[in-house]
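Chemist: Output the structure for:
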Amino acid sequence: MQQQSPQRQGQDASATGAQAPHILLVDDDVDILDVLVLLFQEDGFRTSSCTTPQQAMAVIDEGNLQLFITDWRLLGGDGLELVRYVQKRFNASIPVILLTAAGQPTAEKDVALLEEIGVRVVPKPFDIDRLARLAHELLD
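Modeler: Got it, this is the predicted structure:
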């Protein structure tokens, strides 16, 4: 699979002059990533998208996130590692949605971490409208 550079897209400001919320989207499936970017941009969010954990960490280190959405299983890494990285970087203040085709996490330490920081687990295939509503709920 070809790696993509992190992509930053979306609206910089709303009609009121306030900056639109910034979402980081991470998935190694480029088709899913493209759908997510389109969904959230049409909803007025600014987006950054990455296909690898390393790219995601670079965007996370920039520090300008309001929501983090990642796939659980990534080529070259693990979405849970990124969740831990976000938790450490932002002191667990950034809402997180974990997408998974692998079912619910079962390892006790994984479940404990997800519950502790309020991670929402969304199974694939996901309902795109439901995912958008969840994002809005977490950002309100």
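Chemist: At which residues are the strands of the protein located?
Modeler: 7-10, 22-26, 46-50, 67-71, 73-74, 77-78, 96-100, 120-123 (DSSP state E).
Chemist: Now tell me which of these the model trusts least on average.
Modeler: Of all the strands of the chain, strand 7-10 carries the lowest average pLDDT, namely a mean of 56.
Chemist: mind checking how far G79 is from A101?
Modeler: 11 Å (CB to CB, to the nearest Å). Using the backbone N, CA and C atoms, a C-beta is placed for each residue, glycine as well.
Chemist: more crowded one of the two?
Modeler: Neighbour count, other CB atoms under 10 Å: between G79 and A101, G79 has more, with 25 against 13.
Chemist: re the thing from before, same list (the strands of the chain) but as TSV, adding distance to E137.
Modeler: Below are those laid out as TSV (distance: least, CB to CB, whole Å):
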stretch	distance to E137
strand 7-10	19
strand 22-26	14
strand 46-50	18
strand 67-71	11
strand 73-74	25
strand 77-78	26
strand 96-100	10
strand 120-123	9
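Chemist: could I get those strands as a markdown table with mean neighbour count and distance to V86?
Modeler: Putting the strands of the chain into a markdown table (neighbours: other CB atoms under 10 Å; distance: least, CB to CB, whole Å) gives the following:
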| stretch | mean neighbour count | distance to V86 |
| --- | --- | --- |
| strand 7-10 | 16 | 17 |
| strand 22-26 | 26 | 8 |
| strand 46-50 | 24 | 13 |
| strand 67-71 | 25 | 5 |
| strand 73-74 | 18 | 14 |
| strand 77-78 | 16 | 13 |
| strand 96-100 | 22 | 6 |
| strand 120-123 | 16 | 13 |
